[in-house]
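Chemist: Have a look at this prediction, sequence included:
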There are 2 protein chains.
Amino acid sequence: MAHVSKGTVSRVINGIPGVGDDTRRRVMKLIESLDFHPNASARGLAARKTNTMGFVIPHTGKYTLTSTFWPMFLTVVTQEAAARGINVLLSTARAEDDVDSAFRTILRGRRIDGAIIGAEQFGDKQLAELLLKSLPFVMMGRSAKISSYYVDVDNALGARIASEHLVAKGHSRIAILAGPDWLPYVDDRIRGARDVLREHGLPDPVVVHCSYDTAEAVRCVQGILLSRPAVSAIFVAAGDLVVGTLKACADMGLNVPHDISVVSFDDHPFFAHLSPGITAVAQPIEELGAAAVQMLVELMAGREPERRAMIIAPHLVERGSCAAPRDRENTPR
Amino acid sequence: MAHVSKGTVSRVINGIPGVGDDTRRRVMKLIESLDFHPNASARGLAARKTNTMGFVIPHTGKYTLTSTFWPMFLTVVTQEAAARGINVLLSTARAEDDVDSAFRTILRGRRIDGAIIGAEQFGDKQLAELLLKSLPFVMMGRSAKISSYYVDVDNALGARIASEHLVAKGHSRIAILAGPDWLPYVDDRIRGARDVLREHGLPDPVVVHCSYDTAEAVRCVQGILLSRPAVSAIFVAAGDLVVGTLKACADMGLNVPHDISVVSFDDHPFFAHLSPGITAVAQPIEELGAAAVQMLVELMAGREPERRAMIIAPHLVERGSCAAPRDRENTPR
DNA sequence: TGACTGTCTGTAACCGCTTACTGGGTATAT
DNA sequence: ATATACCCAGTAAGCGGTTACAGACAGTCA
């Protein structure tokens, strides 16, 4: 120490009271001019906290960060975290095995103070351990397997909004291209859409489940388009399936929105620039990210968040992919 | 310790020789059954290494992870790192300010042992500091401002491949939609394309620089399409500009590839599913990621990498967006 | 003026590991 | 049998902070 003592320096760095104003100023200046930065490991050891949070997302396809949701969510989370001075450790574990090794090492090694986790990521085993070790974490999305703190978009509401939009345009035969059927939110979205149709006295939608693989989406949509009675609109219940849907329509010579309308659950920057622009139910990504980080921060500070779940409403972004229906019954190809 | 000593345990955990086989086995078993995981901070403190690397990328637009390159690259890097037991700390700093605060804290706080950095990310100041503190790092992409270890795709070659493809199809009037002109690789790509045209005795390409914003890309391409003599093909020198390009073409009623051909530098999963599929020069993302991590690992281990730069060749993925030219001179709109 | 109180700063004991160094055994050489 | 060497395992000194506790000093109050 240039002038004074040691423990004191620690106090000023951490903004702990009980330090004279002049002393504080002096030390601050020294720190500044020496460009001193405390060693993270040492602080972590002594204070038992690393100021780092983990971010764990499910991997979809070859490149896990290629979805229409996670990359943007990650961006927001990173930013929110940075604003609070906390770092983000990224984990894109693939197999269960990886989760069980890499992730455990991170957790048990106290490399992070908490985590934000994609709800679909874990079976009960890992989550049980998380809870066991009482590592604070919040899930993105509700999990069917475990009850914990989480943030989520109002999936049912989003589906309702999309469906109402379709119904308002005059559609009555609607298909839903949905994600894997074991995901809670997929169910919620289907239910929301079905409810709307029933309320309007319309027939239940055709529901096709599909993995988040574009090629498979194409096949699924082909199936939908070939089905009879023909549907006049498709509610694509996940942004990752949009491109595949458009592809299938184009391949069949169907014009969107002329021959068939498309609404997406999930928005993405480039949706605005496709032709036509894709009408979408946009997830409130900023809010979701902020809420997740906020909640996690509370948890890490040992406080109890106000609510166990933050459900945020999505909103419709109307572009050009929905129009009034047109009879396609007699124009197979 | 259940049976034996302490420093010994450390030795077996770190696989340091000088430990009897039986002892080693015994300790291992104990560790296993106790589900013991050493504390990362403590190890970091004592060993002066954190087994964590930083990943710093430039932010483009609102969501920094929305580009056609970085998300996939990040995925690969994360995976490669995980395979070597090292963690990835993500930083998506926005302004220079952030870089100067958050990043310094991370670096100087020895929170990471090394980093992979987007070359365009830094002005000389930060890089100078990095070098100063001798924090091992490798850049993704060559930087005009600093000489350091880096991996990069062969930009000129990629541009040549794209151009040769166009020329082979019969195009002679070609436009290049390129990124910001202060980026070294943008220059390389333009140069590569121009060289090919010259070699074939064709006129120099029309070059338009553009930020990585889709709306701006649309405007730029409109300008290109309106220019006379009309071009018959556009070499989109960055994947992020593809959607905007297609949008502009569609808006003008131009069919791709019938009225105008499009090649992209950068491939992306969904390019295959657009109509038509986008013919693209695909960056060898796997190799780039692997090379970057490999290089960084060498550096972190205090070894000297074989080469100062790893330049990897891209390859053409031919799909449907390029066709033989057709005279568009008399069909303005 | 002496006792009491409150504020500010120094002291030192960890935090949980790594690692250089020391020392006890056993095997090999003399 | 004694000396030399080698292989293991134990010992303890940090690594660079945090923090409970103690102590010094100045101000208050009677």
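Modeler: Alright, I've got the coordinates.

Chemist: OK, contacts around residue A:222?
Modeler: Contacts for residue A:222 (C-beta atoms under 8 Å, 6 or more residues apart in numbering or on different chains) come out as A:248, A:251-252. In short, each C-beta sits where N, CA and C put it, glycine included.

Chemist: For residue A:43, which three-state class applies?
Modeler: helix (DSSP: H, G, I helix; E, B strand; the rest coil).

Chemist: And the nearest residue to residue A:3 once chain neighbours are set aside, how close does it get to residue A:108?
Modeler: Of all residues not flanking residue A:3 in the chain, residue A:26 sits nearest, at 6.5 Å (C-beta to C-beta, 6 or more residues apart in numbering or on different chains). Here the criterion is C-beta to C-beta, to the nearest Å. By it, residue A:26 lies 41 Å from residue A:108.

Chemist: where does the stretch 101-250 of chain A dip in pLDDT?
Modeler: Across the stretch 101-250 of chain A, residues meeting the criterion (pLDDT under 70) sit at A:101-102, A:122-128, A:130-132.

Chemist: what does it put close to chain B?
Modeler: By C-beta under 8 Å from any C-beta of the partner chain, the residues of the stretch 101-250 of chain A that approach chain B are A:102, A:104-111, A:214-215, A:218, A:243-244, A:246-247, A:250.

Chemist: where's the residue nearest to residue A:3, which helix or strand?
Modeler: Per DSSP states H and E, residue A:26 falls inside helix A:21-34.

Chemist: what packs against that helix?
Modeler: Packing partners of helix A:21-34 (3 or more C-beta pairs under 8 Å, 6 or more residues apart in numbering or on different chains; DSSP states H and E): helix A:7-13.

Chemist: for the helix it packs on, the distance to its chain's centre please.
Modeler: Distance of helix A:7-13 from the chain centroid (C-alpha atoms, centre = their mean, to the nearest Å) equals 39 Å.

Chemist: how far away is the residue nearest to residue A:3 from residue A:5?
Modeler: For residue A:26 relative to residue A:5 (C-beta to C-beta), the value is 12 Å.

Chemist: The two: which is more packed in?
Modeler: The neighbour comparison of residue A:26 against residue A:5 (other C-beta atoms under 10 Å in any protein chain shown) goes to residue A:26, with 15 against 11.

Chemist: tell me the domain ranges of chain A?
Modeler: A:7-38, A:52-153+A:285-313, A:155-284 (automatic domain parsing).

Chemist: Residue A:319 is nearest to which of these?
Modeler: Residue A:319 lies closest, by C-beta to C-beta, to one member of the domains of chain A: domain A:155-284, at 3.1 Å.

Chemist: what's the first-to-last distance across the closest one?
Modeler: This stretch, domain A:155-284, spans 11 Å end to end (C-alpha to C-alpha, to the nearest Å).

Chemist: How about stretch A:205-215?
Modeler: OK, stretch A:205-215 end separation, C-alpha to C-alpha: 23 Å.

Chemist: Please state the offset of it from the chain centre?
Modeler: Distance of stretch A:205-215 from the chain centroid (C-alpha atoms, centre = their mean) equals 19 Å.

Chemist: For that stretch, buried residues please.
Modeler: Neighbour counts over stretch A:205-215 (16 or more other C-beta atoms under 10 Å in any protein chain shown) mark A:205-210, A:212-214 as buried.

Chemist: residues in contact with it?
Modeler: Residues outside stretch A:205-215 that contact it (C-beta under 8 Å, 6+ apart): A:60-61, A:67, A:173-181, A:186, A:190, A:193-194, A:197, A:216-217, A:220-221, A:223-224, A:227, A:231, A:235, A:238, A:240-241, A:243-244, A:247, B:269-270, B:272-273.

Chemist: let's go with 7 Å and repeat that
Modeler: With contact meaning C-beta atoms under 7 Å, 6 or more residues apart in numbering or on different chains, stretch A:205-215 is reached by A:60-61, A:67, A:174-181, A:190, A:193-194, A:197, A:216-217, A:220, A:223-224, A:227, A:231, A:238, A:240-241, A:243-244, B:269-270, B:273.

Chemist: Was I right to think residue A:183 contacts residue A:120?
Modeler: Yes - at 5.6 Å, residue A:183 and residue A:120 qualify as touching, with contact defined as C-beta atoms under 7 Å.

Chemist: Would you map the helices across chain A?
Modeler: The residue ranges that make up the helices of chain A, judged by DSSP state H, are A:7-13, A:21-34, A:40-47, A:70-83, A:96-98, A:104-108, A:124-132, A:155-168, A:184-199, A:214-226, A:242-251, A:285-300.

Chemist: could you check the angle helix B:70-83 makes with the fourth one?
Modeler: To tie it back to what came earlier, the one meant is helix A:70-83. Interaxial angle, helix A:70-83 versus helix B:70-83 (axes from the mean of the first three to the mean of the last three C-alpha atoms, to 10 degrees): 70 degrees.

Chemist: Show residues contacting helix A:70-83.
Modeler: By C-beta under 7 Å, 6+ apart, helix A:70-83 touches A:53, A:55, A:57, A:65, A:87-88, A:116, A:140, A:285-286, A:288-290, A:292-293, B:63-66, B:71, B:90, B:92, B:98, B:102.
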